[in-house]
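Student: return atomic coordinates for the entry below.
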Amino acid sequence: MSDAPLEVSWFAALCDDDYERLGVPDEALLSSWPHCRTIALAAEEAGFDNILLPSGYALGIDSVAFAAALAPHLRRMHLLLAVRVGELVVPQMARQLATIDQVLEGRLTINIISSDLPGETLPSAARYQRTREVMGVLRDLLDRRPVAHHGDFVEVEVDPPRIATVDGRCPPLYFGGLSEPAKEVAAEAADVYLMWPDTVDATAALAAEMRERAAAHGRDLRLGFRSHVIVRETEAEARAAAASLISAVDDEQGRAIRERSLDSGSAGVARQAELRAGADDDGFAEDHLWTGVGKARSGAGAAIVGDPDQVRATLERYREVGIDAFILSGYPHAAECDRFARHVLADLDHAPLRPWFASRP
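Tutor: Reported below is the predicted structural model:
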């Protein structure tokens with residue numbers, strides 16, 4: 001365990017990922033400004049430290065525009081804004097992010113997405129090289145350093161923009177990926193390495209590996225864990241809620257849903273499929289780690305399931321093996337946000353991570 005605080009974040013379903021039952025579209029739960037604002041304001045009221053604003057292309061609404069609209073409505077919660085590498089010229093991205101940080105009074109964090117662009121497929125090594133270049137130039141500009149970068153993907157000589165973040169430094173960069181290039185980019189350039197759900201032992205091994213990789217570059221790396229959660233007053237009720245969530249999805253429909261995502265062929269998605277394949281007949285990979293969510297969505301494909309004490313104890317087990325931050329979600333997102341806050345969050349010792357980063361030399 002590190003000396004950083006435990007950050008507990010929720011998830012704003014900006015990419016049409018909100019359901020009563022997975023695979024059954026509900027017009028009222030599609031991504032829109034009113035619906036996603038409701039989720040975010042519920043997380044603020046419930047006491048979460050941060051909220052992830054995800055970014056896609058084909059589905060949902062734009063994360064940067066949403067963040068700019070939401071920021072004036074927040075009093076204390078941080079925003080974890082996902083930006084897709086390559087979609088914006090880096091100096092423009094720096095101005096946008098600094099402006100949003102100003103509106104938030106210094107509470108912005110950034111999730112870097114190393115995704116292919118719509119209509120484009122780059123080899124993995126090239127895609128991550130682009131990500132490495134963008135992260136380096138973005139950090140320099142937000143740290144108020146002039147840039148002269150002549151790379152494979154970013155060609156720019158420019159001074160930092162006049163507008164700066166509140167503290168004049170780049171907000172923490174959150175980044176994930178299981179491929180070898182992704183791990184190296186995280187070790188070299190990220191502040192928080194994000195993992196998808198896995199067993200406690202596998203999480204411990206990856207945590208140790210990533211801290212060793214970062215140390216080889218003379219860096220510290222905090223670790224985050226992105227997972228769904230289903231908490232009810234009893235374990236039986238939680239398991240029943242999990243079964244109900246996927247009751248309308250057959251294998252063919254689930255495969256079609258997963259393949260809509262641009263990351264459907266990634267190493268992380270492959271690991272989620274492997275976790276599902278090794279689960280028991282009820283979909284549990286180990287006690288309270290249920291893989292059924294991945295039957296009908298790409299990306300993070302498992303949920304922590306149980307009563308309040310079981311969910312809290314499971315989070316603590318992950319914390320003990322090195323996790324510093326949790327990004328949680330549940331279906332429907334506003335309702336599960338309220339349940340988790342009442343039953344679990346109130347008894348966790350937690351705080352935003354960004355002030356810890358700001359306190360470093």
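Student: right, and the helix or strand after the helix or strand harbouring Ala68?
Tutor: Assigned by DSSP states H and E, Ala68 belongs to helix 63-70. Using DSSP H and E, the next helix or strand after helix 63-70 towards the C-terminus is strand 78-84.
Student: contact partners of that following strand?
Tutor: Applying CB atoms under 8 Å, 6 or more residues apart in numbering, the contact partners of strand 78-84 are 9, 49-55, 57, 63-64, 67, 70-71, 93, 97, 100, 104, 107-113, 115, 117, 174, 327, 352, 354. Using the backbone N, CA and C atoms, a C-beta is placed for each residue, glycine as well.
Student: 7 Å instead?
Tutor: Outside strand 78-84, the residues that touch it by CB atoms under 7 Å, 6 or more residues apart in numbering are 9, 49-55, 63-64, 67, 71, 93, 100, 104, 107-113, 115, 174, 352, 354.
Student: look up the closest residue to Leu14, ignoring the ones flanking it.
Tutor: Nearest residue to Leu14, sequence neighbours excluded (CB to CB, 6 or more residues apart in numbering): Gly60, at 4.7 Å.
Student: who touches the nearest residue to Ile246 once chain neighbours are set aside in this structure?
Tutor: Closest residue to Ile246 apart from its sequence neighbours, by CB to CB, 6+ apart: Gly292 at 4.8 Å. Neighbouring residues of Gly292 by CB under 7 Å, 6+ apart: Ala242, Ile246, Gly283.
Student: who wins on neighbours among these?
Tutor: Neighbour tally across the contacts of Gly292 (other CB atoms under 10 Å): the maximum, 23 neighbours, falls on Ala242.
Student: how about the contacts of Gly292 in TSV, adding pLDDT, secondary structure and distance to Leu178?
Tutor: What follows is the contacts of Gly292, written out as TSV (pLDDT from 0 to 100; DSSP: H, G, I helix; E, B strand; the rest coil; distance: CB to CB, whole Å):
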residue	pLDDT	secondary structure	distance to Leu178
Ala242	95	helix	25
Ile246	91	coil	24
Gly283	90	coil	21
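Student: among the contacts of strand 78-84, which lie within helices?
Tutor: Among these, the members found in helices (DSSP state H) are Ser63, Val64, Ala67, Met93, Ile100, Arg354.
Student: which one of these sits closest to Val200?
Tutor: Arg354 (26.8 Å; CB to CB).
Student: against Leu117, how distant is the closest one?
Tutor: 29 Å (CB to CB, to the nearest Å).
Student: those two - which one has more neighbours?
Tutor: Using other CB under 10 Å, the more surrounded residue of Arg354 and Leu117 is Arg354, with 24 against 15.
Student: quick check, that one in contact with Pro171.
Tutor: Yes. In terms of CB atoms under 7 Å, Arg354 counts as a neighbour of Pro171; the distance is 6.5 Å.
Student: skipping adjacent residues, who's closest to Glu336 in space?
Tutor: Using CB to CB, 6+ apart, the nearest residue to Glu336 is Gly330, at 2.7 Å.
Student: repeat that for Pro25.
Tutor: Tyr19 (7.7 Å).
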